[in-house]
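> Model the following, please.
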Amino acid sequence: VAGEVVALADEFVPGGEAKAGAVLLKIDDADYRIALDQRESELQQAKAEMEIENGRQEIAERDYRGLNKDLEPANRALVLREPQLRSAEAAVRAAASAVEQARLDLERATVHAPFHAQVLSRGVNLGSQVSSGDTLARLVGIDTYWVETTIPLDRLRWLSFGDSNGGSFVTVRHRSAWSEDESREAYLFRLVGELEGDTRMARVLVAVDDPLGRESGGPALIIGSFVECLIEGRELKNVFRVPRDTVRKGDTIWLMRDGRLAVQPVDIVFQDVDHAYIASGLHADDRVVTTSLATVRNGVTLRLKG
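Below you'll find the predicted structure:
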């Protein structure tokens, strides 16, 4: 509501923390208290008018019975003062609504924190004149922060989304602000459902509970900063891990079998920066060729380096 700011809470400063429902500031409510008194008086007046009309209704009905004759429905309603009764009832409802509106205006003269928040900026001071809809402050909820990051589309099938019990585990690091051994635990919360414009990768949200480290004692996240997210995918079972640069053209791997080259097609289920994970095409005793060869053909004789 509009008015003059007459009180500010101690925590209502940039960087201050306010619990949900805590009073942040108060606006002069004298006009709103007077308006509420007026609306309540008008409601009492409307109720009194309806009681008077109810008495008139009883007299009209008694007089109508004394006529001892039937009238047309429209005339009968007029004789029994039914329109006057509906008007009185409507006046009571309107007055009750006005009282409720005045009560809401009075309550809104005291501004509360809508959620557990930290104050990022404050736009008013004592004595400021504010209007309805003015920006009083900028708050951020501090129960959970979201980190927005992007993931290649072919990685999504290895990840899960949900709350802390269902989402993939994430380690968050802030190398420019935290020491090398500091990190925060998080989880993969939501798939946004839209590709990032330039990279065409999937946008996802990583949720970090207690982002300021009030309870965990961990380092605090800062709104707008860039962090690194290490997302743990589902466990790959019954696969071979080989250096990524040993995967050759056409998803093949060069093997040394009985002293000769074997170009072996393989089924790659996942690749990261350093490794490829093979589901089929290899055996535990296979010897993978890691060096480059001038001649690549099945059956070429090979020898061990050194």
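> sec struct for the residue lying closest to residue 185 once chain neighbours are set aside, please.
Distance criterion CB to CB, 6 or more residues apart in numbering; nearest residue to residue 185, sequence neighbours excluded, is residue 171 at 6.8 Å. C-beta here means a position set from N, CA and C on the backbone, and glycine is covered the same way. In three-state terms, and counting by DSSP: H, G, I helix; E, B strand; the rest coil, residue 171 is strand.
> what does residue 157 give?
What three-state DSSP gives for residue 157 is helix.
> quick one: contacts for it?
For residue 157, no contacting residues are found, by CB atoms under 8 Å, 6 or more residues apart in numbering.
> how close does it sit to residue 234?
The gap separating residue 157 from residue 234 is 9 Å, by CB to CB, to the nearest Å.
> can you check residue 164 too?
Residue 164 is 17 Å from residue 234, by CB to CB.
> Residue 15 now?
Using CB to CB, residue 15 is found at 40 Å from residue 234.
> ok, now residue 298?
Counting by CB to CB, the gap from residue 298 to residue 234 is 36 Å.
> which stretches of the stretch 1-150 of the chain aren't confidently modelled?
For the stretch 1-150 of the chain, residues meeting the criterion pLDDT under 70 lie at 63-69, 71-80.
> what are the ranges of the strands in it?
3-8, 17-18, 23-27, 110-112, 117-122, 129-130, 137-141, 144-151 (DSSP state E, counting those that start in this stretch).
> Among those, single out whichever gets nearest to residue 99.
strand 110-112 (18.5 Å; CB to CB).
> Identify each buried residue in the longest helix seen in the chain, please.
As assigned by DSSP state H, the longest helix anywhere in the chain is helix 30-67. Within helix 30-67, the residues that count as buried by 16 or more other CB atoms under 10 Å are 32, 35-36, 39-40, 42-43, 46, 49-50, 53, 57, 60, 64.
> same deal with stretch 293-303?
For stretch 293-303, by 16+ other CB under 10 Å, it's residue 302.
> Stretch 260-272 now?
Buried, per 16+ other CB under 10 Å, within stretch 260-272: 261-264, 266, 268, 270.
> Need the contact partners of it.
Against stretch 260-272 from outside (CB under 8 Å, 6+ apart): 158, 233, 236, 239, 244, 247-248, 250-256, 276-282, 286, 289, 293, 296-302.
> residue boundaries of the strands in the stretch 151-300 of the chain?
169-173, 184-195, 202-209, 228-231, 240-243, 247-248, 252-257, 260-265, 267-271, 275-280, 287-288.
> Return the distance of the fifth one from the chain's centre.
Distance of strand 240-243 from the chain centroid (CA atoms, centre = their mean, to the nearest Å) equals 40 Å.
> List the buried residues for it?
Here strand 240-243 shows 240, 242 as buried, counting by 16+ other CB under 10 Å.
> and residue 288, what does it touch?
242, 246, 253-256.
> Test of understanding: give the bridge partners of it.
residue 255 (DSSP bridges).
> What separation is there between residue 21 and residue 267?
Residue 21 is 57 Å from residue 267, where distance means CB to CB.
> out of the buried residues of stretch 260-272, who's nearest residue 83?
residue 270 (79.0 Å).
> Need the pLDDT of the closest one.
Residue 270 carries a pLDDT value of 89.
> for residue 234, same thing?
Predicted confidence (pLDDT) for residue 234: 87.
> quick one on the thing from earlier: mind picking the two most distant members of the buried residues of helix 30-67?
Those two in the buried residues of helix 30-67 that are separated most widely, counting by CB to CB, are 32 and 64, at 46.7 Å.
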